[in-house]
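Peer 1: what would the 3D arrangement of this be:
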Amino acid sequence: MSLEHEFYLISKTTDINDFWMYRERNNSFIDSVVIHDDLIQYIMDSLEWIPSKNPSLLGTPNGRGINYHGVTLFDKQSSETLISIFASWKSLFKNAPVKFELTGEFVYGEADNQEGDYEKLVYNRYEVISQFEKIISMSETLANGEFYLYHCGV
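Peer 2: So this is what the prediction gives:
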């Protein structure tokens with residue numbers, strides 16, 4: 001099973017409390033993008049700098065970063081940082097070969113006598129840049145204050 005993070009651009013009039021439960025059959029979102037968990041984990045430290053809200057908690061409190069296993073809400077306050085972070089990663093990945101490797105998590109050997117090693121994550125530069133461009137585009141829309149970027153974690 002592939003772990004993925006889903007991002008949806010939604011209107012502020014959308015019911016944020018129940019959106020995640022019905023997103024599969026809900027056509028109220030304006031745009032969306034899916035990013036593989038390995039790539040999110042690779043850039044995770046920088047995502048912690050983004051102002052966010054947690055719609056699963058009472059009062060939708062302010063916070064930072066993404067709710068990895070749950071839902072996260074980004075709004076106008078988040079837009080500038082979202083754009084800056086994803087544009088920076090996009091700019092960096094533009095320098096990668098078309099097919100490139102990143103170092104993933106450390107994985108121990110299956111038997112007690114086997115040494116572990118780091119996973120090798122293989123990506124297509126154009127696909128990663130396209131996903132980041134989509135996040136940037138949706139984040140630019142947030143700046144007018146009428147929309148949310150709704151993240152559904154793994």
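Peer 1: just checking, what packs against the lowest-mean-pLDDT helix or strand in the chain?
Peer 2: Within the chain, no helix or strand scores below helix 19-22, which has a mean of 76 by mean pLDDT, DSSP states H and E. Applying 3 or more C-beta pairs under 8 Å, 6 or more residues apart in numbering; DSSP states H and E, one finds that helix 19-22 makes contact with strand 147-152. C-beta: built from backbone N, CA, C; applies to glycine.
Peer 1: where in this protein is pLDDT low?
Peer 2: In the predicted model, the chain carries pLDDT under 70 at residues 1, 24-25, 111-113.
Peer 1: so which helix or strand takes in residue 144?
Peer 2: Element membership of residue 144, judged by DSSP states H and E, is empty: it is in no helix or strand.
Peer 1: contacts only, for it.
Peer 2: residue 76 (C-beta atoms under 8 Å, 6 or more residues apart in numbering).
Peer 1: try it again with 10 Å
Peer 2: Under the criterion of C-beta atoms under 10 Å, 6 or more residues apart in numbering, the contact partners of residue 144 comprise 76, 79.
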